[in-house]
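>>> the sequence and its predicted three-dimensional model are supplied below.
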Amino acid sequence: YAWEGEWIGRVAQQHQQIMARQWDGYYFVPPTIQPHARAKGEHHDADEWWDPHLETTVRWLGSALRPDVLFVNYTWLSKACDCVSDETFKILDTNDKFAGRKEMLAQFGIPPEYFYTTEEQESRALARADLIWAIKDEETYDFSLMTRVPVISVPHADPANPLPRRKFPNDRADYELRLGLMAAKNSINVTNTRRFLDAVAPIWRAYLPPLKLIITGTLCEFLDDVDLPFVEKRGWIKDAETFYREVDAVVVPMEFSTGQKIKTAEAIGFGKPILSHAHAFEGYEPFHDYHVLPSFEAMAEACVDLAFAGPEALTDLEEASHAAHRAVGKRQDVGLSQAGDALARHKTPFLMCLTTAAFSHGSISQLTTISTIQFFKHNGPLAVYIDQFDKFEDVLRFCKPLDLKRIFVSDACKRELSDDDISEGENIGVQWICFDDVLRRTRVQHLWVDQVPRHTSTVAPSDFERISINLAQLADCPSQSDVSGFLKATANQLTPL
């Protein structure tokens, strides 16, 4: 992301081109504050890394695009949620828990780095969203104690890309187990790796197993003094897949950290056997004892056992990795489904089904409709549904000055319009959708009916807190029997007001 070293002080043109191809719209905002600034006090304020320049851009995009959903990464960017209207559903993807991070690092002798804050400040950031995504169940629980905003777990899962085993020597005596460890250069990775090597060195020296630990990634820049006969340091590599093809199993030695371990996600995505500290497997479902080893010493001994057991012992661990990948994929699907349900329940308190007469310029019906719209807008988000009109230009003339955020027009009407009309409609935010789909996707509290939609089935009164049938406006459905048919209700259940 844009705080990485390759973006600081310059423009990463190659990455910009990739993102421009990936997204329908891509916007580059140069930073106006110092990236990764140290805390001004004992901890970072929730908005201490927020850039005012970014705020200007997000407010402009929110006004211009009127998005249904705003997706924000990291709590230190949560102020973006305040830059869009209440009608936009705001999802905060936390990735990491930053409250308590400074104290966690101090336990292992690491000075504070990156972003660290207090529970009070992190709670302030969480409160801005409509839905919180945590990356693992442990942090879902922590966040749920800090906020009333709903929190769900959406773990990270790489696409499945199982790799074949490398070719082993014919003579078993020539076999050497290749263990892989890939990591970037940050204090948490460096400290965990050094503690792991300190733990395994005496055990591997005692047993002399046929194995080699291959360490790759920018982590190696901080391991210059490591000189062990069973360790090979390769440094930075361009292609992760090539590395995983060359190793027989992956070790994930992390006894403390935040978030989910992407090292684990990569390994199970490639179908590689894993020997992991229990902490490093948080966010994943274990399918083998080697997935949840209790200490670095236990990891060292498991590596010894695996090396002496020969290539045949890799099969069970490969199957366990495949099972773990399938399980995290299912959990990710569940999380995304929960997010979809939450979005569908996002409040649209008022939905008005407009009558053709509302578009008659200067008419009493139009003036009455405008007054009703302004009343509803004052009390909460409003959507309008339109599926009957004489001229679409009248609809555009009516909607533009009212600054309506959600304008639903029947997709059946779209087929009767010119390309210019469709383009003009979409420029003011028209969405082409049938009435039934509007109700499926939007939680409506108060349904106001000036005109019964043509292209619809009946609706159930129990789905709404209130339904208002404006008999004074109703043109095509003047009788109580017709209205009751639309509402799945008997005529004597309706009370004229």
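The structure has been received and is ready for your questions.

>>> can you tell me the closest non-neighbouring residue to the residue most central in space within the chain?
Taking Cα atoms, centre = their mean, the centroid of the chain lies closest to D93, which sits 4.9 Å from it. Excluding the flanking residues, the one nearest D93 by Cβ to Cβ, 6 or more residues apart in numbering is W133, at 4.4 Å. C-betas here are computed from N, CA, C, even on glycine.

>>> just to check, A37 is in contact with W49?
Yes - in this structure, A37 is within contact of W49 by Cβ atoms under 8 Å, at 6.9 Å.

>>> and the two? Which one has more around it.
Shown here are A37 and W49; by other Cβ atoms under 10 Å, W49 has more neighbours (22 against 11).

>>> now that one. Nearest residue, chain neighbours left out?
That would be W76: by Cβ to Cβ, 6+ apart, it lies 4.4 Å from W49.

>>> okay, and R234 sits in which element?
Taking DSSP states H and E as the criterion, R234 maps to strand 231-235.

>>> report the buried residues of that strand.
Using 16 or more other Cβ atoms under 10 Å as the test for burial, strand 231-235 gives V231, K233.

>>> helix/strand/coil for L70?
Following DSSP: H, G, I helix; E, B strand; the rest coil, we place L70 in the strand state.

>>> so K261 touches V250, yeah?
No - K261 lies out of contact with V250 (Cβ under 8 Å); the separation is 10.8 Å.

>>> endpoints of stretch 355-373, how far apart?
13 Å (Cα to Cα, to the nearest Å).

>>> and the pLDDT for E6?
Per-residue confidence (pLDDT) for E6: 69.

>>> repeat that for the one 4 residues further on.
The score at R10 is 75. That number is its pLDDT.

>>> number of nearby residues for H346?
19.

>>> whoops, I mixed them up, P30
Around P30 there are 10 residues (other Cβ under 10 Å).

>>> grab the nearest non-local neighbour of it.
H53 (6.9 Å).

>>> show the backbone phi and psi for the one you found.
Dihedral pair for H53: phi -60, psi -40, per degrees, to the nearest 10.

>>> quick one: contacts for the closest residue to S360 other than its chain neighbours?
What sits nearest to S360 in space, not counting adjacent residues and going by Cβ to Cβ, 6+ apart, is Q366, at 5.7 Å. Shown in contact with Q366 (Cβ atoms under 8 Å, 6 or more residues apart in numbering): A357, A358, F359, S360, F398.

>>> for the helix or strand in which Q366 is found, which positions count as buried?
Secondary structure assignment for Q366, by DSSP H and E: helix 364-379. Going by neighbour count (16+ other Cβ under 10 Å), the buried part of helix 364-379 is S365, Q366, T368, T369, T372, I373, F376.

>>> pLDDT below threshold where in the stretch 101-250 of the chain?
Scanning the stretch 101-250 of the chain for pLDDT under 70 picks out nothing.

>>> now the helices for it?
Secondary structure of the stretch 101-250 of the chain (DSSP state H, counting those that start in this stretch): helices at 101-107, 119-126, 137-144, 187-207, 240-246.

>>> what's the closest of these to R440?
Counting by Cβ to Cβ, R440 lies closest to helix 137-144 out of the helices of the stretch 101-250 of the chain; the figure is 27.5 Å.

>>> ok now that closest one, how far from the chain's centre?
Averaging C-alpha positions (Cα atoms, centre = their mean, to the nearest Å) puts helix 137-144 15 Å from its chain's average.

>>> cool, stretch 222-229 as well?
Between the centre of stretch 222-229 and the centre of its chain there are 38 Å (Cα atoms, centre = their mean).

>>> who touches that stretch?
Residues from elsewhere that reach stretch 222-229 (Cβ under 8 Å, 6+ apart): K185, V190, T193, R194, L197, A201, I215, K233.

>>> what is the end-to-end distance of it?
18 Å.

>>> for it, buried residues please.
Residues F222, L223 are the ones in stretch 222-229 that count as buried (16+ other Cβ under 10 Å).

>>> quick check: the gap between M299 and I274.
To I274, M299 is 11 Å away according to Cβ to Cβ, to the nearest Å.

>>> between the two, which contacts overlap?
V251.

>>> the helix or strand that contains A300 packs against which elements?
Assessed by DSSP H and E, A300 sits inside helix 296-309. Packing partners of helix 296-309 (3 or more Cβ pairs under 8 Å, 6 or more residues apart in numbering; DSSP states H and E): strand 177-182, helix 187-207, strand 211-216, strand 249-252, strand 274-276.

>>> let me have the ones you listed in a markdown table, extended by mean neighbour count.
Putting the helices and strands packed on helix 296-309 into a markdown table (neighbours: other Cβ atoms under 10 Å) gives the following:
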| stretch | mean neighbour count |
| --- | --- |
| strand 177-182 | 22 |
| helix 187-207 | 18 |
| strand 211-216 | 20 |
| strand 249-252 | 26 |
| strand 274-276 | 26 |
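
>>> I'd like these as TSV, with distance to P164 appended.
TSV is the format used below for these (distance: least, Cβ to Cβ, whole Å):
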stretch	distance to P164
strand 177-182	14
helix 187-207	28
strand 211-216	18
strand 249-252	14
strand 274-276	17
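
>>> mind checking which of those is nearest A64?
Taking Cβ to Cβ, helix 187-207 is the member of the helices and strands packed on helix 296-309 nearest to A64, at 39.8 Å.

>>> can you dump the C-alpha atoms of that closest one in PDB for me?
Output of helix 187-207 as PDB, limited to C-alpha atoms (Å, rounded to 0.1, in the frame of the first residue of the first chain):
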ATOM      1  CA  SER A 187      10.900  -5.800  14.200                       C
ATOM      2  CA  ILE A 188       8.300  -8.400  14.900                       C
ATOM      3  CA  ASN A 189       9.500 -10.800  12.200                       C
ATOM      4  CA  VAL A 190      13.200 -10.200  13.100                       C
ATOM      5  CA  THR A 191      12.600 -10.900  16.800                       C
ATOM      6  CA  ASN A 192      10.500 -14.000  16.200                       C
ATOM      7  CA  THR A 193      13.000 -15.400  13.800                       C
ATOM      8  CA  ARG A 194      16.000 -14.800  16.100                       C
ATOM      9  CA  ARG A 195      14.200 -16.400  19.000                       C
ATOM     10  CA  PHE A 196      13.200 -19.300  16.800                       C
ATOM     11  CA  LEU A 197      16.800 -19.800  15.600                       C
ATOM     12  CA  ASP A 198      18.100 -19.600  19.200                       C
ATOM     13  CA  ALA A 199      15.600 -22.300  20.200                       C
ATOM     14  CA  VAL A 200      16.300 -24.700  17.300                       C
ATOM     15  CA  ALA A 201      20.100 -24.400  17.100                       C
ATOM     16  CA  PRO A 202      20.900 -26.700  20.100                       C
ATOM     17  CA  ILE A 203      18.200 -29.200  19.200                       C
ATOM     18  CA  TRP A 204      19.200 -29.500  15.600                       C
ATOM     19  CA  ARG A 205      22.900 -29.700  16.600                       C
ATOM     20  CA  ALA A 206      22.100 -32.500  19.000                       C
ATOM     21  CA  TYR A 207      20.100 -34.600  16.500                       C
END
